[in-house]
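Colleague: Sequence and predicted structure are below.
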Amino acid sequence: MSDTLITIIAIFLAAILMFIFPLMSVSERNDDIAQSVVQTATSEFVDKIAISGVIRPSDLEAYQDKIATTGNTYDLEIEIQKLDENPGKKSSITSSDLVGENVRYSIYTSDILSEIYGGNGDERNNYVLNKGDNVIITAKNTNTTMAQILRSAFYKVTGKGTYQVAASASSMVVNSGK
C-alpha cells in the first residue's frame, strides 16, 4: 500500500515538473512580450502626438489595433494637461514686473474621445493640442492572462483588480497642431 501511495505521489510531482512549470514559464514569457509590445506602441503613439500636436482618429485606432495584437483587452486612459498661460502681471511687492503664473488643467479620456468621435459616432475630428501641453497615455490589460491564472492557482498572490500588462508614456507637445 505504501509503495503505491509513493508511486502516485511521484507521478503527480513528475507531472507538475514536466507540464505545469514549463507552461507557467511560457505564459510568463508571453506576458513579457506583450508588455514590450504595449510599451513600445504607447511610446511611439505619444511621440507622434507630441511632434504633430494632433490626436488623429486614424492614429488612435491604429494604436488600439496594435496593442490588441497581444491578445489582451486594454483600458486606455488619456490625459491632456493643457497649458493655460496667464499673461497678466503678478502683484508682488518684491518684483512687480514678472509675468503671471502658468497653470495647467487636465482633460481626460471621456472628454477627449467625445470630441474625437463626435456625438453621433459618424463624425470624426482631430483633437488639436498647443505647444507646451502634456500628453499622458496609460494602457492596462483588463482580461486575466494565463500567467495570472496559473500564478493565482499555485501561489495565491494575485487578486481582483490587478493587471499583468501595463504601459505608460508621457511627453510635452513641441508643435502646435493648428
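Modeller: It's in. Numbering: from 1, shown residues only.

Colleague: Would you tell me what the next helix or strand after the helix or strand harbouring Phe12 is?
Modeller: Assigned by DSSP states H and E, Phe12 belongs to helix 2-15. Heading C-terminal from helix 2-15, the first helix or strand you meet, by DSSP H and E, is helix 21-52.

Colleague: on that earlier part again, residues in contact with the helix holding Phe12?
Modeller: Counting by Cβ atoms under 8 Å, 6 or more residues apart in numbering, helix 2-15 makes contact with no residue outside itself. The C-beta positions use only the backbone N, C-alpha and C, and glycine is treated the same way.

Colleague: so where's this protein uncertain?
Modeller: 1, 85-101, 119-122, 156-162 (pLDDT under 70).

Colleague: now the strands: where do they sit in it?
Modeller: 54-55, 74-85, 102-108, 127-128, 134-141, 166-172 (DSSP state E).

Colleague: Could you dump those strands into TSV with mean neighbour count added?
Modeller: Below are those laid out as TSV (neighbours: other Cβ atoms under 10 Å):
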stretch	mean neighbour count
strand 54-55	21
strand 74-85	16
strand 102-108	11
strand 127-128	17
strand 134-141	20
strand 166-172	17
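
Colleague: what's the closest of those strands to Phe154?
Modeller: For the strands of the chain, proximity to Phe154 was assessed by Cβ to Cβ; strand 134-141 is nearest, at 20.3 Å.

Colleague: For that closest one, list the C-alpha coordinates in CSV.
Modeller: The C-alpha trace of strand 134-141 is given here as CSV (Å, rounded to 0.1, in the frame of the first residue of the first chain):
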residue,chain,number,x,y,z
ASN,A,134,1.4,67.5,-21.8
VAL,A,135,0.1,64.2,-23.2
ILE,A,136,-0.1,61.2,-20.8
ILE,A,137,-1.3,57.8,-22.0
THR,A,138,-1.7,54.7,-19.9
ALA,A,139,-2.8,51.2,-21.1
LYS,A,140,-3.6,48.4,-18.6
ASN,A,141,-4.9,45.0,-19.5
